[in-house]
Structures are given as structure tokens and as C-alpha cells.
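this one's sequence-less:
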């Protein structure tokens, strides 16, 4: 694996990391069709935890099989595959070395009440990630929830261990709890959540694509006073990237609910044009027939390559 | 012990496990009259914890003696015997090597209030399982309870330790709390609970036989939209097996409350025909006279063998 | 110390224990006038914790001195002496080797509110028991309290450590909380509490002498349906012994509040005739003048010897 | 340091302690003008934590300096000096070897609400005590508070570690919470708190001088029935000493709020005549001008020497 | 680095610290234009955590980049630079050795509700500080909050570890919760908070500049009775320094909200004249254009040098 200048530049931003962690970041950034571009498309499959198996996979029953997702990530030549413990265990040997994997280390479910008390259970460990040959761990935080401090402290402990073992740390930063529903998708709170993930030491930050809604009154005033451009999705992506240490940290975006193909492609273009580092696409991939999903992923990759 | 092709196939699904754990799974799958068939009948005796001794054993007072249950499991040539710490300790030496044992590592009782706060106390350890010569640990989770996250996290920690020591992990997944009474037995929640046990890294999942009730509104829509067949017990077993990584994980079912023999046999046939891996039968066994219980267990075994 | 056949038989029921623990059980069972009979009389002095010093000892002020109790247990030739940390520390050297001791490892007090939240503080450790030369640890559980699970989990951890160090584990199982006052002394709940102590891995179980009250509706039905004899104290002791693995575990009974001598003796006869393994007698001993107490203890011993 | 018979006798009561702990007890008991008498006067300075600096020291501004207190304890030839971590750290080198020190290991403050939830924060460790050359640790318990069990468990853990390292354990036992204001100073509750400190394994117990108030109804009956003399302060001190294992444990008393000199001296005489082992005097010392304080401490010492 | 007499005197007050910690204190005290004066100006950048990125940096977008702040601290020749984990990680290599750094080890945010429950999440560790080459850790306590005891106990544990590793401990002591809004800035509570930070073992204490408001009734009486001068900012600084072991501990002050330059300079003069050891200036620095900020910092330094 010959690391190109673009990736060397990105790796140079991780000033305090050991060669093991930089090597694993490089592994993801150099893998698949987007290898070497500084962009990534990651397939996450944790919706069985979050929404249950039928709501996730019944539309495409092959997707009940963990191997289906591993194979999809390999066939689409994506950057990495992320899933909870049991799902990774079920294909770790068959697909060893075939694609970088990310152990999603905490998980929520829709049977447990959440709201302001939104939280996740820690369901995997750094030791699990190491024995399964993963390149990174994934951890969700809910800034705004009553469990904010607890989740930050869990992340602190797990991230310290992961970094010391040469793993990369990807933080899913979802603002929620103690705010309006619109606020969970608003630009000020999402940028705040992204910035805190950086401060917590994440290597890669994943957030939702933000709307132009402003939740916090004091923030609203500042956005107006400083004339921060949040008028287009591209501008909002650019703002989030800026709040992530002005581009010193990798930021990827989730597409949100399943939508039509053009919507997915428009999102990718906005992420690209705003300087974002890629997409995490789950339901929009595995809830379509495989061929359709592969075609869609290929199109997204071409968009990130600047070909479309 | 010569492992046949059917069992080798099953073991191959546990891609990430060490030879110790695979060996213990093989030990259970090759033991007794169902050895080598991929089906299991397991005798669990933890009702003294859950309902108290008189309600469990007074009808058949020999059953107050731990040796009675060990002997029953041996005489019936079952696949394994599961019980809490003290009960296993009371026969561990006499029956050493006679039948694979499973240390039930957490336990509930009916003196402690539960409802939405349903929980269990951890009453055994991996070290206990090892010193007692067990092949597996058993752990109950209550998805839906306010203790869901806590129980998942306890399981994560204990399962990681158990796997590293070469033990198998059997998860009793009982949905309850924050749902209707019917929901605790409904197909969508039970399938969800089974799927989460898989995601949590269980080797064997135990759930109740589900009714055709659908608890969750969003799930209900999906079951209708995707025309998931839940009309018969057989179809529902098939659905649960599908949600357990499309058969990559072993699934066994409990019979629920004591019932007449034909009911028990019908359940076994549905489990068999739906692709389930067997039964966990407690009260239906030890609350009958021993001869009658042995005859019943033999009939169930014959059903799983396809002879009845 | 030549272990006789009766004691060998009892020790053989502890199938999973190491020679250290069996040796300590033997030490208690072979000590004093009841040595070799399979019966025990144990002197516990933790009432200073539970009720305060004046209510416990002012009636007999010599009893403020820890040596008084050690000496009483030695002079009466009892089986063992049980007390909290500080009290054992105050006589551990003077009476080293003179009588088996039990470190009571958790303690309650009457300044702290309890009710449904009844709990005890852990006030000693296995390391303390070892450095003080104890043969066993004593631990109280309150099945029914809101702290039931916590106390079970504390016991699990401490008992595992104690057994690994060759100590015996004696569980004071007092049902309370979330039940009627009568229920705390009723036969169904006390038998349930005794059975759970067995399942938790206790070597010796201590419960109150039960009344014929039945607390739980479902249990009540079963007691009637199975015609369980609870009409006499002797029958109720027999039932409790039965629920303790049909006699595979040692069961001792407390006498409850101070009472007249005939009452104490009647209790001992009922324990003996019902197959119980002895008495734990505290207040009824040290709240009488020493000579009177010694005479009483001698009479109880004679009852257990079958001489009275 | 030649240990005299009186001190040897006292040390012999600590039957289970290692030579390190006995040596440190001896160090305190042999230090200063009261060395060898079995009496102690200890200077504690933790009022800056409890009431804040201005309320503690503004009246005598030299007392803002930690060296002032060290020097006072040395100049007055007291038995020991007790303070929280930071205060000891600020003079530990200058006064190394000059006077035995006690690290007060938990602390309360008056900004945090208390009442029935009275608690203290653990602000030092056994490792701190060792590196600062202390002879003992000091720990406060609040029997009666909702945190009673927690504080007992913290003490258990810290005391076990301290004893294993050869440190002495001094317990400040202050009954409070879930009782009347008068009850916090009443004889029955204070004696109960002192007795529990003994049961928890304290070497030295510190309590408030008790009033003749009786808080608990059941205790009240027993005090009357047994005709326990609580009519004078001397009698009440004697009762407290009795409840501390009949004199097998050292008991010192605090003077309470600042008062006039005669009041302080009367207290000391009552402690002496009741068999108490001395005084812990803080505010009454450092809130007076230094010369006045030295004169007062000298008078108290003479009282304990039986000269006044 | 030749340590001058003034700094040697200051270091001599840290009597219990190891050479590693003294060396790190010296490193800060000898660095930059104020090196050797006993005064410090520290740049803290944790407002992205506390108020979010836009409210902190949008006014001066270069400040989104961690290198901007490192460079500012270097260019202004300050004493040290303090920031949370991720921010330090992003420049630790580029600026290694260029300026002493302080890892801010806990952090608050404005998405999580606080009030009486004000708390911070622990987001860094001593191990992090060591691998990043920091000279000190920074830890915030909120005396008065319902989490007071918890924060004190977290600090105790982290400070003990930090000291044992040769790091200095800087405590941000912000009184809040269970008091009036004015009380959070009042002289009695701030002095109390500063004193407790000393008692907790801090090497350097950071507090807000206090107003002449008196929150606590008992304290108010004492301030009046002892005629403590709190009439001017200089007098109040002097009082705070006095409560910090009469100058044996270093005390620095924060400027509070952004204000005009003259206000900032007046604050510095009052700190200097009252005997304070310097300023921690964040928002007032990075929310101005860089040149203006450098000029302001240079003026403050000159004030501390006594030149203005």
C-alpha cells in the first residue's frame, strides 16, 4: 500500500497518534475505489439493533444474513464496513482482510424508552475489535441527553484504550434530548456536536446532514451577527467541516431516512462541494435490491471522484 | 467424539470463536440421543429461584434434591442441564462428565417487584462455570425493561470473559417492560429480542414460542407490507430463525407454562418444522412423575429425530 | 481431629468445595459438645450493631466486653462464635484456636431507615476473615427488599472469594420488604429465602423459625393443593430442610426475641425433630446472667444430643 | 522511645494489629506532655473545609497559614495534629518528625446541602498518608444519615488498607440525619455511634460530649430499666467508654462550639474523671490569640495529668 | 533554565511534591516574558466545549484551527496554554517544547442542563497528559453543586495520580449551585472555593474575580465583625490570596466575560496589587483580531512586570 501525498497530508493532522492508529486510518483511506482521494463511503449495519430485524431487513430478506452486508461492502469496493459485535463475528473469518471493519461499540434499541434520557448500551470492547481484526471502533454520543456526561466519559475511556492499541476512533455524534425535534437536525447543534467530538479526541466524526434551523438563542444571534452562511446544504457542510478544527479532522455524513436516488446523489454532491469527507450509508443501501444498491453506491463513489 | 458434517457446518458459523468454545458447543451438540442432529433438548432448573421451592417442587418432592434433575437429564439422554450456582455445586462431582452443564449466571425471583424495572441478579461467574466443569454459561436479558442497557452491558462483559475461556454463551432473551402483556409474547418483539441476542454475540439464543400478536406500530406496518408469514407457529419459528442471522445462530424455544402432552408435542413439531434447534423444557418435565417425564422427553426427542 | 462417618456424610454433600472449605466446615461440625453430631449451636453477637449497645448489653454490663462473649462460647463448648470485625479483632489473639469464629461481613443498624429499602453495609472482608483466623464468613440477605439484587450480587462476589480461600459461607436469609409483617415470618417466604440461599451457594443457611402464615397467594394454593404439612413447628422445620436441597445443606434457626427458657427449649426440640441442624442463639444467651446462660446452653446442647 | 506499662496495656487491647499500627498508636500515645499517660490532646484543623476560611481564621489571620497550626501543636506539646490533605502537604517537610500527624481523609463543607443526606467527600488516601509520613488516618461517619451504609463501606475499605500499611485508624463518629437535632447530641445515639465505630474496627473513636437527652424510645426504656447513670457529664463519658468495648478502645471527645475557658476545663475534667482518653480541640484553640491558646492547652494537659 | 530566588521561594512552598512536579511548576513559572516574576498569563481554550464553536470562534474564524491558539500563546510569550484533549492532540507535535501545556481534564457544555446539578464530564486522563507532554492537568470543581462531593472525589483520584507522575495540578474552582446568581461571584463563596481547592491539594488555583457580594449569612457576620476589607477589587484579591494558605499557593484569576481593554487592564492591576499570581485569559484574547490580541496580552504582561 503506497500512501499518496493527499493521504499523507491527512495523516499529518493526527499529530499525537501512534503508527498503529495512523496505519489503520491509512488502511481505510486507501481502501476501495475511493482509496487515496481523502473521501470515504462506509457501510454501517446496526439498524437491526435500532429498529429491529423486520423493519430493517424484511424488504430484502437476504439482508438477514451478515455475509450479505460484508459481501456488499466488498463488491461495491467501499472504504469500510461497520457493525455491532455479533454481526462482525458472523463473518470475521470469511471476510478477513477483504475490507477494513469498524466495531460499533455501543448500540441503542427502540424497545427502551429514550427522549431526554437517550443512551446506548456498550456492547463491544477494544479487545473484541482487536481479536476481530478491526481497523477502528465506532462510538455514539448523544450531546444534549441527560446521559451526555456519562457517554463522554465512556468514550474517553474506550478511546484512550483504542488509541493505545493502534485503533482509530470514529464518533457518531447525534445531538438529542433537551432540545426541540428540529434542533436535533439544526446546524448550530450539529456543528456543536461535531466540534465536541473533535475535542473528545475522535479521528473521524460522523454527523447528520444539517438543516438551516437554529436551536439555541445565543447561537442564533452569533450566526446572524457573523453572517455565517447556512443557506445551502453545501454551505452547511462547509461550516461543519470548519468547526472540526478547520479540516484537521475527517467528517462524514449520514443520509438520514431512506429517500429517492436523486436525493441521495444531491446529498453526496453537497458533502463533496462543502469539503466533507464522505458518506455513511446504511438503510439506503441494504433496503434496495442488491444490483440497485451497487449501482447507487457506484454513482456516489463517482460523485466523490468528481466524475458526476 | 467424532463430529459429523452437520455439526461441522453449524460450528463453521461461529467464525470468530476459539477452539475451546467450538469444542464446548460441539460437546452439547454431540451429546445424548439428539447428538449429531443439530437439535437439542436442554433441561433447565431455575424455577426455585423464580417461583420458590414449593410452587416448583412440592408436586414431586423428589425434585427438591439437585441430584434428581441431574439424573433426569442423564436418564433422558438430553443435550445439556442448566441451573444456578448452588444447584450445580450440589451435584457437580457426582455427575462430572455425565452430561454437559450450563451455569445460569443471573437469576430473578418473585419476591422482588419487577414490571418495567424487571432485572435479574448476577449470581454466578465465569470462574464458577470453569471450576464446575460447565460447557456454557446462560444469561437472561429483558429487552424493553428499564434495565435493558445494564443487562446488555453485564452480558457483554461476562460473554467476553466466557469466550476468552472457551465457554459457550447461551442467552435467554425475554422481552418485557414498557410493552403490553401480549407484546411480551408477540412475534415482532420476540424476533427483535432474538436478533439483539445475536448482535450481542450469543452462540445460542433461547426465546419463548411467539404468538401472532404484533406490538409495535411501525413493525406491524412492515410485517403487513412485506407479507411476512406469521399465521402458524411453524411460520413464526421460521421467522425467528431467519432473524437470527438466517440460521447462522442456534435458536431454542421454551414451552412456557405447564400444559398437556399433546400441546408439548405440537410445539416441538412446530419448532422442528420451522427450522428451530430445539427445546428448553423445565417445569413440563420435573413437575410430572419421573416415568411420565422420561416418556415425554423421549417422545420430544423422537419428534426432533423426525420419527414422530 | 478424627472426622466421624456422620460428618463425612455431611461433608460429601459439598461436592464442589476445596479441602480448605471442607476442613473449615469440619472444624465447626467437630467442635464443642455437639462435635460429631451434625448439630451446631452458634453464638452470634452483632446486636450492638443492630440495636445499639445499651439495648443489647446494659442488662448484663460485662457483655460490653468482647472477651465476655468469646469466653461464653468457649465455656459453653459451643460450635462457633460469630461477630462483626471490630468485636472479633478485640479478642482474636487471646482466643486464637479456642473456638471456630465466623466473621459477620455485613451489618445493619437501627438508625438508618429501612422498610422496603432494608439493606446492610458491608463492614468486613474475606481478607479480614483470613487474618483473624476465622473458619467462615457470615452474610445477611434480605430477599424481598428493594436491595435484593444488590445483596445477592455482593454475596456472589464475596462467597466466590471466600470459597477460593478455603472459608465456609454462612448465609443469614431474612425475608423482608415488599411483604406483610407476618410474611416476614411466614413459612412460604422463609422456605423461599432458605432455598435461594442454597441456590446462591451457601454452605450453611440461617433462617428464622417460621410461623404457619402463608404470604403469597400462588404459594398458598400450592401448599393447600400439595397438602404440605405446616401445622406444627416441627413440620415447618422439616419443610425448610427439604427446600434446602432435601438436607444436602446445613440449616440452623434463630430463636427470635428473648423468651422464657421453656420456649427456647421447645424451639430446640422442634428444630431437632424436624431435622434442622441447630440454633443460633444470641440475645437469649448474653442478656441473662452468665451462669443462667451457661445452664441454658447446656440444656439446648443436651436436647440436640437427644438426652432431653 | 521507651514504652511504659500503661501504654503497653493499651496496646495489648489491639490484639489483631500488626507492629506497624501498634507502633504508630504508641507514637501518638508517647508524644508530647501527655506521653505515657494514656491521655491525648489532638489539634484538628479542618474547619476551613467545614465552615470556610473567613469564619474559621479571620479572627486570628495568622491561622490562614498551615505552618501556624503545625507550630501550635508542636509548641503546646500536643499528642498529634490532624488536617486535610492540602493543609498537611503545606507543612509536611518543615515539620517532618516534629509531631505525629493524622490525615483527615474525608471532609464536608457547608455549601453542599446535607440534612438527612449528610455525607462527606473522600479527599485523601492511604497512599497520601504514607507519603506525608502520617501516623494515622481520620475518617468521619454519620450514623443515621441516608449515606450511613456508604460511609461505613468507604471506611471499611480504607481502614483495611490503612491497617495493612501499619497506620492507625481514628473514626470521627457523628450521629446525624433521621433524628431530632437534640438527638445528634444525645447520650443514647452518641453511645450507639461510638459502639459502631468500635465494631467497624476503629482504633480511636472521637465523639461529641453527650447531653442527657435520649432520642430513641426503645433505648429510653432500657436506660430507665437498667438505671444507667447519665445524670452528669462524667457519668455519660463513663457510659460511652463502657460501650467502647469496656475501655478496650481509646475514646476522645470534641468540645463542640467555641466557649469560655472554664467550660473547656470542666469538659476536660469530666472526660478525665469518666475515663475518657482525651480531647480533640480545634476552634477553641486557633480562634484565640496564640499565647492564650497555649495557656489553655497547657491547662487542659495539666488537668489530664491530674494536676488541676 | 536557571531558577531564580523568587521562583525557588515559591517552589519551596510545595513541601510534599516530588522533583517532577516541582520541575513542571518551574517550567511554567520560568516560561515566556513573565518567566521568573512569579506571575503568569495562561491562555485557555475550552470555550468550544462550553459554548460551542460558532459562539466562540465565528467572530475570528482562524480560531477554529487549534494551531492558531498554540501559535498565539507562543507569539505572545505566555506562561502556558490550556485546552481539552482533542485540541491539544491536534498541535502537540508541531508545538512540542514550544510552550508548557495544560490538559484540561474535565469539561462542561451548554447542551446539558445544569443549575444545582452542575457537573462536568471527565474527558482526559493523566496518561493522556503524559503522552502529550503536558506540564500540568486542569480540573474544574463546582463547590455548591449537588455534584460537589463527586467532583472532589474525582479530583482527589486524578490529582494523586498526576502528582505521582510529576505533573502539576491546577484547579478551576467555580462556586455554583445551591446559591444565588450573585453568590457565584461573591467574595465569601469565591474565597471559600479557593480555600477548598488548596485543601484538596491544588498547586495552582483559578477563581473568578470576586464582587463585594456576601452570600452566606454566617460568613457575612464574620466579614463585618472582623472588618475584612472587601471594598476594592485589589482588597478582594488580597483576601483570596490570604485564604490560599496566606500565599503558599499560586492563585490566578479569570477575567470573566469579554470586555473593553481598559477593563481588562484594570483587572490585571488589581490582581497584581492584591498579590495574585496572574490571569487566565481566553475569550478576551481569541475573539479579537490577532494583532489586537497580541497587543493586549503584551500590555497585561507589562502590567504584571510593573511597567504600566
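Looks like it came in fine. Remember, predicted model here, so these are calculated numbers, not experimental data.

so the spatially most central residue of chain A is in which element?
Among the residues of chain A, the one closest to the centroid is residue A:206, at 3.8 Å (Cα atoms, centre = their mean). For residue A:206, the host element (DSSP states H and E) is strand A:204-208.

in the following helix or strand past that strand, which residues are buried?
Downstream of strand A:204-208, the next assigned helix or strand under DSSP H and E is helix A:217-225. Across helix A:217-225, burial judged by 16 or more other Cβ atoms under 10 Å in any protein chain shown covers A:219, A:222-223. Where you see a C-beta, it was placed from the backbone N, CA and C, and this is true even at glycine.

same thing with stretch A:111-125?
A:111-112, A:114, A:118-125.

count the neighbours of the residue lying closest to residue A:196 once chain neighbours are set aside for me.
Leaving out its chain neighbours, the residue that sits closest to residue A:196 by Cβ to Cβ, 6 or more residues apart in numbering or on different chains is residue A:143, at 5.7 Å. Summarising burial for residue A:143: neighbours were counted as other Cβ atoms under 10 Å in any protein chain shown, giving 28.

isn't residue A:143 up against residue A:172?
No - if you go by Cβ atoms under 8 Å, residue A:143 and residue A:172 don't touch, sitting 11.2 Å apart.

OK, now which residue of the stretch 151-300 of chain A is nearest to chain B?
Closest residue of the stretch 151-300 of chain A to chain B, Cβ to the nearest Cβ: residue A:154 (9.9 Å).

any idea how far that residue lies from residue A:48?
22 Å (Cβ to Cβ, to the nearest Å).

likewise for residue A:252?
Counting by Cβ to Cβ, the gap from residue A:252 to residue A:48 is 21 Å.

one more: residue A:210?
Distance of residue A:210 to residue A:48, given as Cβ to Cβ: 27 Å.

what's the answer for residue A:246, then?
Counting by Cβ to Cβ, the gap from residue A:246 to residue A:48 is 37 Å.

who has more neighbours, those two?
For residue A:246 versus residue A:48, neighbours defined as other Cβ under 10 Å are more numerous around residue A:48 (28 against 18).

which residues does the strand holding residue A:206 contact?
By Cβ atoms under 8 Å, 6 or more residues apart in numbering or on different chains, the residues outside strand A:204-208 that reach it are A:25, A:136, A:138, A:168-174, A:184-185, A:190, A:193-194, A:197-198, A:240, A:244, A:249-254, A:256, A:277, A:280.

looking at chain A, which helix or strand is least sure?
helix A:283-286 (a mean of 92; mean pLDDT, DSSP states H and E).

that one near chain B at all?
No - Helix A:283-286 stays clear of chain B (Cβ under 8 Å from any Cβ of the partner chain), getting no nearer than 12.5 Å.

say whether chain B is contacted by whatever helix or strand comes next after that helix.
Using DSSP H and E, the helix or strand that directly follows helix A:283-286 along the chain is helix A:290-304. No - Helix A:290-304 is not in contact with chain B by Cβ under 8 Å from any Cβ; minimum separation 15.0 Å.

now helix A:290-304: mean pLDDT?
For helix A:290-304, mean pLDDT rounds to 97.

ok, and what's touching it?
Identification of contacts with helix A:290-304 by Cβ under 8 Å, 6+ apart yields A:32-34, A:37, A:39, A:41, A:60, A:62, A:68, A:72, A:75-78, A:261, A:264-265, A:268-269, A:272, A:278-279, A:281, A:284-286, A:288, A:308.

ChimeraX command for the buried members of these?
With 16+ other Cβ under 10 Å as the criterion, this ChimeraX line picks the buried residues out of the contacts of helix A:290-304:
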select /A:32,33,34,37,39,41,60,68,72,76,77,78,264,265,268,272,278,279,281,284,285,286,288
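
ok, the residue lying farthest from the centre of chain A to residue D:97 distance?
In chain A, the residue that sits farthest from the middle, by Cα atoms, centre = their mean, is residue A:225; the gap is 31.3 Å. Here residue A:225 is placed at a distance of 63 Å from residue D:97 (Cβ to Cβ).

count of neighbours near the closest residue to residue A:278 other than its chain neighbours?
Excluding the flanking residues, the one nearest residue A:278 by Cβ to Cβ, 6+ apart is residue A:40, at 3.8 Å. By other Cβ under 10 Å, 24 other residues sit near residue A:40.

confidence score at the residue lying closest to residue A:105 once chain neighbours are set aside?
Closest residue to residue A:105 apart from its sequence neighbours, by Cβ to Cβ, 6+ apart: residue A:124 at 4.3 Å. Reported pLDDT at residue A:124 in the predicted model: 98.

quick one: contacts for residue A:124?
Contacts for residue A:124 (Cβ under 8 Å, 6+ apart) come out as A:84-85, A:103-106, A:137, B:156.

for chain D, give me its nearest residue in the stretch 101-250 of chain A.
For the stretch 101-250 of chain A, Cβ to the nearest Cβ, closest residue to chain D: residue A:149, 18.1 Å.

next, count neighbours for that residue.
For residue A:149, using other Cβ under 10 Å, the count is 20.

okay but it is in contact with residue E:123, surely?
No - judged on Cβ under 8 Å, residue A:149 makes no contact with residue E:123 at a distance of 9.3 Å.

still on that earlier bit, I'd say the residue of the stretch 151-300 of chain A closest to chain B and residue A:106 touch.
Yes - between residue A:154 and residue A:106 there is a contact under Cβ under 8 Å: 7.3 Å.

neighbour count winner among those two?
Using other Cβ under 10 Å, the more surrounded residue of residue A:154 and residue A:106 is residue A:106, with 27 against 20.

now that one. Nearest residue, chain neighbours left out?
residue A:120 (4.0 Å).

contacts for the longest helix along chain A?
The longest helix of chain A (DSSP state H) is helix A:148-164. With Cβ under 8 Å, 6+ apart as the test, helix A:148-164 has contacts from A:17-18, A:21, A:105-106, A:119-120, A:122, A:125-126, A:129, A:136-137, A:139-142, A:145, A:168-169, A:171, A:177, A:196, A:200-202, E:85, E:107, E:109, E:111-112, E:119-125, E:127-128.

what mean pLDDT would you report for that helix?
Averaging pLDDT along helix A:148-164 gives 98.

what angle separates that helix from helix E:148-164?
Angle, helix A:148-164 to helix E:148-164, by axes from the mean of the first three to the mean of the last three Cα atoms, to 10 degrees: 20 degrees.

mean confidence for the helix or strand following helix A:148-164?
Next along the chain after helix A:148-164, taking DSSP H and E as the criterion, comes strand A:168-173. In this model, strand A:168-173 has a mean pLDDT of 98.

which elements pack onto the following helix or strand past strand A:168-173?
Moving toward the C-terminus from strand A:168-173, the next helix or strand (DSSP H and E) is helix A:187-199. Here helix A:187-199 touches strand A:136-141, strand A:168-173, strand A:204-208, helix A:217-225, helix A:233-243, helix E:47-51, helix E:53-57, helix E:85-89, going by 3 or more Cβ pairs under 8 Å, 6 or more residues apart in numbering or on different chains; DSSP states H and E.

want to try TSV for the ones you listed, with distance to residue B:215 as columns?
Compiled in TSV, the helices and strands packed on helix A:187-199 are given as follows (distance: least, Cβ to Cβ, whole Å):
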stretch	distance to residue B:215
strand A:136-141	25
strand A:168-173	27
strand A:204-208	28
helix A:217-225	40
helix A:233-243	37
helix E:47-51	41
helix E:53-57	42
helix E:85-89	42
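
out of these, which is closest to residue E:5?
Closest approach to residue E:5 among the helices and strands packed on helix A:187-199 (Cβ to Cβ): helix E:85-89, 32.6 Å.

can you list the weak-confidence ranges in the stretch 151-300 of chain A?
Applying pLDDT under 70 to the stretch 151-300 of chain A picks out residues A:256-258.
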